[in-house]
Structure formats: C-alpha cells, structure tokens
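> Below is the structure, and that's it, no one-letter string:
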C-alpha cells in the first residue's frame, strides 16, 4: 500500500493515512488495544488495519452459507448482529434476502458454537442462538443483560456474555503510542500516579489522572488520559452555534478567558485565528435559546452581553459585558452567565431554538369593572373587591393561601362564601419557580391535602404543580431577590449548591431549600417554612392580633402562654400588642394552619377540619374508647378533659394550636 495515503472506498470516501493510534475504530466500533490502522485527518476517522485490509464488498461466510453477504454502512438504520447479539452502529455484512446481519468484528473473528477449556470456565460452553435476559456469571462482569446472545454451561447452569468468553484479538495496551495531538514524540504507557513535575491532569480535558493507565511524554510534560486517547476531540470543526468561523484546537497549557462564558481556562481551547475568539471545549455545545427557572421569559445566548455593570440573574455576581452569556430580549439588563444559565438546578436541558413560543392565557381572572372580577377558579360567580377594616377574622379565610383575612383587601363572591386575598387572586395560572426546572401549573379544584415540596407544610389550598412536585402558593410567591423583615440590610437568594448546607437562623434546622444572604461577611439563612410565617395572626390566647418578632435581648425568664413552657425571646416568637407575652411560633401556628376550616380531608378515612374554639386544646384521635366522657385524665404533668366527638372524625387546630384534650367517637 502507498505509504502516503490509501483509498478505501468501501469504508470511507477520503484518503486514509497509515497511522499508529489507540482508539475505538469507526469500522467495528471496538477498542481492543489495536494501534495500527488508517486515519482521515479531514473527518477525524480511524480504521483498524485488519478491518481495512480485509474488508471486501462481498464475502462468503460459514455462519450464513446460503447467500453472499454485502458490506454496508449501518448509519441508516439499527441492526443487531446475529452472531454476538450486539447492536451494530458501524459497518456490517448483511443479507437483504434473509435479513441476516453480522458486524465486521464477528466477520473477522466469528464466535464458535462450542468452546472447551476457556480461561473463564473449565467446562464446555455452548453458544445460544437466541436472545435471552440473564445475569453474566463471569466474576469480572456480573452485569444484568436485558436481551443478548450468551455462552452457557449446561453442567453448571452458568451463563456468560459472548464478549466475556470470546475475545480473540484482545491484547494488552500498546506500550508506546503515536498520537495526532503530539506528533513530535511517542507517548509511553504509564499507570498509577502522574510524575511529580506534572500537574496530574490530561492536557486535553483537564481531568485528573485517576491512578489507572495513561500516556505521557516526559520530554514535553504531555499527558493524555485513556478517555482522550479513545475519543480525542476534533482537531478542527465548524460549529455555527458556537462561532461563525472554523475553530482549531490548541493542545497546550495556556491561560485564556473563554469568550462564551467569561471564565478562565488553563489549557487546550478551541480558537479562531481569524478573529481571536477562544472557547472552552465544554462551551461548544451551549444552547441558543432556553428557559431558566429564575425568569418568566426565554433567554437567548449572545456572543457579547454588552450590559455594563450588570449582575448575573442566578449567582448575583458581576458579568463581563465583553463576553458571551444569556440575556432576555424583553427585559433590558437581565443577563445570566453561560455556566449559571445551564446549571442542572436552573435549566431543564431543553434547547428551544426553532420551537415557537406557546402563547398561553396565564392571567388568572377577567376584569368585569373596577371592583369586580371573574376568577378562573370560580367561574360561576363574580367576585367583588372589599377593603378589610377588621383586624383578623377566622371565619373569613382565603381559599388560595388558607390564611385569615387580616387588614388586607380581598375579593368575595357576590353569591357565596368564596374569598381570595387581592394578592392571591393575582397568582398566574402558570409560573416558573427557583426550586423546579419546569413551569408549574396553578391547581385550584383538587380535593385532599398535600405537603409542600419547599416547606413540607400540610395544606389543602391552591397549589402549584408539575409532575410529582407540589408547592403551596405561599412558597411559590417567593422570588429573588427576596426581602424579609428579619434581615432588612440585604436581600436573600436561594441557597446555591456550593456544597454547604445552611442552618436556618430561626428553627436551627438543616435544609436544602433555604434563602440566604450572599454578602461575604453575612451567614444569615432562613428556610422556606420560616420565611413564609404570617406577620400577623389571631389567636384565642389574646384579644389582640399577635405580631411576629425576630428576637430581642431580654433578661429573666419568659413563658409561652399556650404550652406553659419557657421561651427564648432571642429567637422568633409571636407577641401581643403590649409585648408582655412571647409565644412559640409553633404553638401559635401548629401543624395544621394550612388547612381550611370546614373542609374534609381524605386519607385512610374522611376527616373534617374544624376550628378549636374551646379552652382545652383537642388532639385528633380515635383510640380512647375506654375513657369515661366528662372525666379528667392526669398525664404528662397536665390535666386532660375527655369529651365526646360529635363529628365523624376531627382534625382540630386553633390557628394551629397543639392539642391537649382527648376526643372520643360517640
């Protein structure tokens, strides 16, 4: 063969150069440490020498004696090899009459029907000619296979993958290797730790050498890990998504700033010699148009942001306006770093270029006049706006957030008792939220209770939902930046995945869903449950509304009037108008403050939700049939009154108060 180039029209359309390389062949799709072959620089296409030299347009094969087999490319449709059961992704020999297919590797090395004294098993093994599901019994494999051919031992009832038994061309890794990215010297095979003078990382991909095999040139301090040896990046490419001109890989150590993401790199960028553009390898496939969960509109990638003195909409750090990133066409000044926009917890992975934007009616109501609306959740009647002058009324509760109406304007149905806070009436029918990568839908007509994904509260009000994720409207109403009275100096943002789990400043509990201050010298964080505590509540322990306080310095001991236990006024608490009481937040709110009174909860049984208006604090239970009604039980250092339960079942709460008295089913 001509040493300057070889034409292989059956396998590839371009001139192929003799080459020594260690990679998966585009001929048979296998890597078996075969280093001799032929290489096309134009397409970065490598063919094993044996596959290239012995390939013919037609061949006679003993596995299919009835017809000749023709060499075909499998790019058009998926086939499965009738000898080894593998899917053929490369070249195959096929009989179009019988639909018989055989990959080129099996054509060179057909697995025999019987194998005796294999290095894997000492008994005779038989090749099954049918697809079966099995667990490979080879000690080095042990993998479960859904549908494959197999060698079986009928004496031991063992089953093996064909490849675990039959590997005729397998040899050890070649000790020296010529590679297209380092043509000056051969690379030597090493194992274990990289040399001390090396940075311990692959020159092309920057991944750390993990202690297994790698190739190294000591003269140039050039290292390649096995992944880049098998699947090296293209030497040149034209990727119009990334840049308008052809890009060339520079396989060397050199500090640079990526024009696509604005971040620093230290090696092997793709460069455009025409205009000086430089880009990380992993930035080549950045999407063009996407949705992110921090913004209600689509954001598109631009090569130059051009927004001077702007901050990223995700990480809140400054952006380099001379570099690329994502921006919103509708909201001037809204920009996001490329790396931030494509994080897993921000983007759902869907490229939207070429997909028309759905125009949906997400408005929750139709305006009838200045004071009247028709809400989509209550289409049968109109709602009239009212300005509330009552401090707090437990009998008037918003159907969306389930909170009482407290000095807030609200919409009330003109024909029934349906009520919505004015703010709650404006919740959009579809909305993005920082805790979910898909758009959430407002659901208003489902019965039963749910637990909010963000705060874990039980509720049966309106909910936002997608798949198995459900949020109450209070948590979804939180958006970035979030201002909270407990931390007036700085806004709060969703806790970014920096590996550090924050502790809520109020409840001292760990949570993955927290809002935190991003100032360097501030460690304030608050969980979604505490962040959505109502600022004002009404409780029967006091005639006046109770206000949420965020701790104060005090001397002496304080006691909660509800549970009669000591309180710490330096933590969050509820207090009355004269500040003579400091009540635990959970004693005031309890576990059921998200449930609507007079509603029914379907669980293992039907439960009716009623307000606790009595002096005693009832506990929902049906296990006290042995107690006498109107008797008093002393336990846990308290006295409990036993009363009959006149309803079928009760879930009791007094603005969420913890329960104390027992209820019996009558």
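It's in. All of these numbers come straight from a predicted model, not from anything done at the bench.
> quick one: the helices in the stretch 151-300 of the chain?
Assignment of helices within the stretch 151-300 of the chain using DSSP state H, counting those that start in this stretch yields the ranges 162-165, 226-230.
> And the ones you listed: which comes nearest residue 177?
Of all the helices of the stretch 151-300 of the chain, it is helix 226-230 that lies closest to residue 177, at 7.2 Å by CB to CB. Any C-beta I mention is one placed from the backbone N, CA and C, and that applies to glycine too.
> buried sites along the closest one?
226, 228, 229 (16 or more other CB atoms under 10 Å).
> quick one: which of these is nearest residue 260?
Minimum distance to residue 260 across those is 21.0 Å, recorded for residue 228 (CB to CB).
> Next, the contact list for the closest one, please.
The contact partners of residue 228, taken as CB atoms under 8 Å, 6 or more residues apart in numbering, are 202, 204, 205.
> now do residue 41
Remark: with contacts taken as CB under 8 Å, 6+ apart, residue 41 is in contact with 17, 180, 235.
> circling back to that earlier point, ranking the helices of the stretch 151-300 of the chain by mean pLDDT, which is last?
Note on these: helix 226-230 shows the lowest mean pLDDT, a mean of 76.
> Enumerate every residue touching residue 564.
Residue 564 makes no contacts at all, as judged by CB under 8 Å, 6+ apart.
> Show me the chain divided up by domain.
What automatic domain parsing lists as the domains of the chain is 1-111, 176-230, 236-283, 365-425, 537-580, 600-665.
> JSON lines for those, including distance to residue 145?
Converted to JSON lines, those look like this (distance: least, CB to CB, whole Å):
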{"stretch": "domain 1-111", "distance to residue 145": "9"}
{"stretch": "domain 176-230", "distance to residue 145": "23"}
{"stretch": "domain 236-283", "distance to residue 145": "32"}
{"stretch": "domain 365-425", "distance to residue 145": "51"}
{"stretch": "domain 537-580", "distance to residue 145": "57"}
{"stretch": "domain 600-665", "distance to residue 145": "42"}
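> just so I know, which of the ones you listed lies nearest residue 519?
Closest among these, once you apply CB to CB, is domain 537-580, at 18.0 Å.
> Ends of the closest one, what's the gap?
By CA to CA, to the nearest Å, the extent of domain 537-580 from end to end equals 16 Å.
> and that domain, how far out from the chain's middle?
Its chain's C-alpha centre and that of domain 537-580 lie 41 Å apart, by CA atoms, centre = their mean, to the nearest Å.
> Could you pull up the residues touching the residue nearest to residue 398 when sequence neighbours are not counted?
Once flanking residues are discounted, residue 398 sits nearest to residue 421: 4.6 Å by CB to CB, 6 or more residues apart in numbering. Each residue near residue 421 by CB under 8 Å, 6+ apart is listed here: 398, 400, 401, 403, 405, 408, 409, 410, 411.
> and the fifth one, bridged to which residues?
So the one you mean is residue 405. Following DSSP bridges, residue 405 is listed with bridge partners residue 393.
> Look at it and say how many residues are nearby.
Residue 405 has 22 neighbouring residues, counting by other CB atoms under 10 Å.
> Tell me how far residue 299 lies from residue 357.
12 Å (CB to CB, to the nearest Å).
> no wait, residue 382
Computed as CB to CB, the residue 382 to residue 357 distance reads 32 Å.
> ok, now which ones touch the residue lying closest to residue 426 once chain neighbours are set aside?
The shortest distance from residue 426 to any non-neighbouring residue, by CB to CB, 6+ apart, is to residue 364 (6.4 Å). Residue 364 makes contact with 375, 376, 377, 425, 426, 427, 428, 429, 442, according to CB under 8 Å, 6+ apart.
> Let me have those residues in JSON lines, extended by neighbour count.
Output for these, formatted as JSON lines (neighbours: other CB atoms under 10 Å):
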{"residue": "375", "neighbour count": "23"}
{"residue": "376", "neighbour count": "14"}
{"residue": "377", "neighbour count": "19"}
{"residue": "425", "neighbour count": "22"}
{"residue": "426", "neighbour count": "15"}
{"residue": "427", "neighbour count": "23"}
{"residue": "428", "neighbour count": "16"}
{"residue": "429", "neighbour count": "18"}
{"residue": "442", "neighbour count": "20"}
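> Show only the entries of these found in strands.
Judged by DSSP state E, the contacts of residue 364 include 375, 442 as members of strands.
> before we move on, back to that, for residue 79, find the nearest of the helices of the stretch 151-300 of the chain.
Once these are compared by CB to CB, helix 162-165 is nearest, at 16.5 Å.
> Centre of the chain to the closest one, how far?
37 Å.
> now the closest residue to residue 153 other than its chain neighbours, what's its secondary structure?
Leaving aside its sequence neighbours, residue 153 sits nearest to residue 123 (CB to CB, 6+ apart; 4.8 Å). Classification of residue 123 using DSSP: H, G, I helix; E, B strand; the rest coil returns coil.
> Thanks a lot, see you next time.
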